[in-house]
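1. give the three-dimensional model of this entry:
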Amino acid sequence: MLLEINPHNPQSRLISKIVDILEKGGVIAYPTDTTYGIGCSIMNKRGIERIYSLKQREKNKPFSFICSDLSDIARYAKVSNFQYKIMKRFLPGAYTFVLNATNIVPGLLVTKQKTVGIRIPDNRICLAMVQALGHPIITTSANRSGEEPIGNPLAVDQEMGKLLDLVVDGGTLSAAVSSVVSLIDDIPRVLRKGGGDVSWCD
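-> Predicted structure coming up:
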């Protein structure tokens, strides 16, 4: 099912409809500030398993997730003063920051090193969904592993719609991905160059 929503002023009744699907265990595609993502509630173990299956992704590669704001991040990651200042500077934005996980994070989302990848995208639809849901959602690009990300919601629906409970149409986006930066030990390390500028890491 394709649900068109205003990217500049998301309609609250439509956000409620999306959240209802997520609360019932649904897996959706949705817009971010880079490309379209696939996600479900981080509390939805079955949904996370579904995403691994439809992405054809190895289980030893945990998904990142989206928080609503910096205070929300502190619930799921151990944040130093240095890390907070960096994230306050660059978020919301096209970054995934790798941090040490707290015990509240489901095991499926934690690496062997006990780290997690966290995003706060600069996208009003995306943030409204997470805020209304009350806890983070999984984020991974809307494509199968090894294939190019999809920035057109109609193409997402055509390619993966039958495997999803909803495709949220927030307009055509780029096929970019987020920049992934580790902040472990307060040392910025670029793990992937993407939409966010990483020159400050040098």
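
2. tell me where the protein has helices.
-> For the chain, the helices defined by DSSP state H occupy 12-23, 45-55, 70-76, 81-90, 124-133, 153-160.

3. mind giving me the packing neighbours of the third one?
-> Counting by 3 or more CB pairs under 8 Å, 6 or more residues apart in numbering; DSSP states H and E, the packing neighbours recorded for helix 70-76 are helix 81-90, strand 115-119. (C-beta placed from N, C-alpha, C; glycine too.)

4. okay, the angle between the first one and strand 115-119?
-> What it means is helix 81-90. Note on geometry: by axes from the mean of the first three to the mean of the last three CA atoms, to 10 degrees, helix 81-90 and strand 115-119 are set 30 degrees apart in direction.

5. packing partners of helix 81-90?
-> Short answer (3+ CB pairs under 8 Å, 6+ apart): helix 81-90 packs on helix 70-76, strand 95-101.

6. mind doing that once more with 10 Å?
-> Helices and strands touching helix 81-90, by 3 or more CB pairs under 10 Å, 6 or more residues apart in numbering; DSSP states H and E, are helix 70-76, strand 95-101, strand 179-182.

7. now the angle from it to strand 95-101?
-> Counting by the same axes, to 10 degrees, helix 81-90 points 160 degrees away from the direction of strand 95-101.

8. flag every buried residue along helix 81-90.
-> Within helix 81-90, the residues that qualify as buried are 83, 86-87, 90, counting by 16 or more other CB atoms under 10 Å.
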